[in-house]
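Peer 1: Structure for this input, please:
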Amino acid sequence: MPLLHYLAAHRTPALDAFFQAVSEIGHGYILLALGAALLWLASPRLGYRAFFGTLAADTLGDIVKALARVPRPWILDPTLVPVPSAQAAATSYSFPSGHVTLFSAFLLILAASLPAPWRRRALPAAIALSLLMALSRMYLGVHTPWDVSAGFLLAAAVAFATVRLAPRIETSPRARAAAALALLLAVAAVWIAFALLPPPEDNPQYAKSVYRDLCALLALLPAALLERRFVKHSPSALPPAYRLPALLLGLWGLLFTVNNLPLLLRPSLGPILAGNLSAAANPLWTALLFPLLLLPLRRP
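Peer 2: Now for the predicted structure:
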C-alpha cells in the first residue's frame with residue numbers, strides 16, 4: 001500500500017490521462033482485435049498461438065481471482081482514493097491483475113515466437129511494456145504490487161508453455177489430438193468444480209468470468225480445428241486491395257459480437273446465458289466464420 005499512496009500523491013491530470021490510456025490497451029476487446037488482425041492478415045500460426053495462450057492465461061487468472069477473492073485496494077485501505085474512472089470499471093476481485101495477465105501474455109507469446117534475431121529485440125520490449133501496464137494499474141489505484149506481480153508471472157508461465165508446446169502441436173496430429181483432449185478435460189473439470197463450490201453470499205456471480213472464459217475456449221478449439229482442416233486461411237492469398245476492407249469488415253463483425261450480440265440475446269435467454277454465448281461467438285467469428293467469408297476473395 002505505501003507504493004500506491006506514493007503514486008496517488010503524485011498524480012496529475014496529464015498522468016491520469018496517460019495511464020488511463022495505457023490501461024485501456026489491456027482490455028480484452030483491444031487484444032482480441034489485435035489478435036484477429038494478426039490471424040486474418042499476417043500469420044494464422046502466430047494468431048492462434050496468441051489466441052490460445054492469452055485466453056488460457058485469462059482463464060487461469062480468473063480462476064485464481066474467484067478462488068482467492070481478494071478485495072480491491074481501496075476496500076483493503078479506505079484511505080486510498082483510486083482514479084474514479086478506473087475504479088468504476090474495476091468490478092471484479094483484485095488478485096491477480098487481469099489487465100497485466102492479458103497484456104503480458106499476448107506480448108510475450110508474440111515476442112517469443114519470432115525468429116531469433118527479432119526475438120532478442122522484441123522480448124525486452126514486451127517485458128518493458130508489461131511493466132508499464134503494471135505501473136498504470138497501480139498508479140490508477142486499482143491493483144497492488146502483489147496483484148500485478150502475480151499477473152505478470154502467470155502470463156510469463158503461460159507464454160513459456162505456449163511457445164514450448166506450440167511447435168509440436170502445430171506439426172503433429174497426434175500431439176494436436178492429445179492437446180485438444182487435455183483442454184476439454186480441463187474445461188470440464190473446472191466447470192464441474194465451480195458448479196459444486198458454494199458462491200460467496202455477497203457475490204453470487206463471482207465465477208461469471210470463469211464460465212465465459214470456458215465457453216470461449218470450448219468455441220475456439222473446434223473453430224481452429226475446422227478452419228485449419230477445411231478453410232486453410234492464407235493471408236498471402238488475399239489480394240492487397242481487399243486487405244483493408246476485409247480488416248474493417250472483420251473488426252465490425254467482432255465489435256458486433258462483443259457489444260450488440262449480448263443485448264440481442266439477453267431478453268430471450270437472460271444475462272448469464274447471453275453472456276456465455278456471446279463469449280463463444282467471438283472466437284467462432286474470428287477463427288472460423290470470417291476466414292470462411294474470405295474464401296471467395298482469395299486468388300486462385
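
Peer 1: What residues sit buried inside stretch 119-138?
Peer 2: 122, 123, 126, 127, 129, 130, 133, 134, 135, 136, 137, 138 (16 or more other Cβ atoms under 10 Å). The way it works is simple: take the backbone N, C-alpha and C, and place the C-beta from them, glycine included.

Peer 1: for stretch 84-102, same thing?
Peer 2: For stretch 84-102, by 16+ other Cβ under 10 Å, it's 86-87, 90, 93-102.

Peer 1: Span of that stretch from start to end?
Peer 2: This stretch, stretch 84-102, spans 23 Å end to end (Cα to Cα, to the nearest Å).

Peer 1: and what of stretch 227-234?
Peer 2: End-to-end distance (Cα to Cα), stretch 227-234: 11 Å.

Peer 1: roughly how far out does that stretch sit from the chain middle?
Peer 2: Distance of stretch 227-234 from the chain centroid (Cα atoms, centre = their mean, to the nearest Å) equals 23 Å.

Peer 1: who touches that stretch?
Peer 2: 39, 40, 44, 287, 288, 291, 292, 294, 295, 298 (Cβ atoms under 8 Å, 6 or more residues apart in numbering).

Peer 1: So which of those residues is the closest to residue 243?
Peer 2: Within the contacts of stretch 227-234, proximity to residue 243 (Cβ to Cβ) peaks at residue 40, which comes in at 8.5 Å.

Peer 1: could I get the buried residues of stretch 119-138 as TSV with distance to residue 214?
Peer 2: Formatted as TSV, these follow (distance: Cβ to Cβ, whole Å):
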residue	distance to residue 214
122	31
123	30
126	27
127	29
129	28
130	25
133	25
134	26
135	31
136	28
137	25
138	29
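
Peer 1: Nearest to residue 60 among those residues?
Peer 2: Closest to residue 60, out of all of those and judged by Cβ to Cβ, is residue 130, at 16.4 Å.

Peer 1: which ones are touching residue 217?
Peer 2: 55, 56, 59, 183, 187.

Peer 1: Going by neighbour count, which of those comes out on top?
Peer 2: residue 55 (25 neighbours; other Cβ atoms under 10 Å).

Peer 1: residues touching it, list them.
Peer 2: So residue 55 contacts 213, 216, 217, 220, 283 (Cβ under 8 Å, 6+ apart).

Peer 1: Now name the helix or strand holding it.
Peer 2: Residue 55 is part of helix 44-68, with elements assigned from DSSP states H and E.

Peer 1: can you tell me the average pLDDT over that helix?
Peer 2: Helix 44-68 shows a mean pLDDT of 92.

Peer 1: repeat for stretch 164-180
Peer 2: pLDDT averaged over stretch 164-180 gives 89.

Peer 1: Assess the claim that residue 210 and residue 190 are in contact.
Peer 2: Yes - Residue 210 lies in contact with residue 190 (Cβ atoms under 8 Å); the separation is 7.0 Å.

Peer 1: Quickly list what's touching both of these two.
Peer 2: 59, 63.

Peer 1: So if I had to pick from those two, which one is more boxed in?
Peer 2: residue 210 (23 against 20).

Peer 1: That one: what secondary structure?
Peer 2: helix (DSSP: H, G, I helix; E, B strand; the rest coil).

Peer 1: now it: how far from residue 61?
Peer 2: Relative to residue 61, residue 210 is positioned 10 Å away (Cβ to Cβ, to the nearest Å).

Peer 1: Same check on residue 147?
Peer 2: Counting by Cβ to Cβ, the gap from residue 147 to residue 61 is 10 Å.

Peer 1: intersection of neighbour lists for those two?
Peer 2: With Cβ under 8 Å, 6+ apart as the test, residue 147 and residue 61 both reach 96, 97.

Peer 1: Check residue 211 and give its pLDDT.
Peer 2: pLDDT, residue 211: 92.

Peer 1: Mind telling me what element the residue nearest to residue 271 when sequence neighbours are not counted is part of?
Peer 2: For residue 271, ignoring the flanking residues on the chain, the nearest one in space by Cβ to Cβ, 6 or more residues apart in numbering is residue 262 at 7.8 Å. Assessed by DSSP H and E, residue 262 sits inside helix 261-269.

Peer 1: which secondary structure elements does the helix or strand of the chain with the lowest mean pLDDT contact?
Peer 2: Least confident element among the helices and strands of the chain, by mean pLDDT, DSSP states H and E: helix 84-89 (a mean of 83). Under the contact definition 3 or more Cβ pairs under 8 Å, 6 or more residues apart in numbering; DSSP states H and E, helix 84-89 sits against helix 13-25.

Peer 1: any idea of the mean pLDDT in the helix it packs on?
Peer 2: Mean predicted confidence for helix 13-25 is 91.

Peer 1: Kindly calculate the angle that the lengthiest helix in the chain makes with helix 44-68.
Peer 2: Across the chain, the helix with the greatest residue count (assigned by DSSP state H) is helix 145-171. Using axes from the mean of the first three to the mean of the last three Cα atoms, to 10 degrees, the direction of helix 145-171 lies 140 degrees away from that of helix 44-68.
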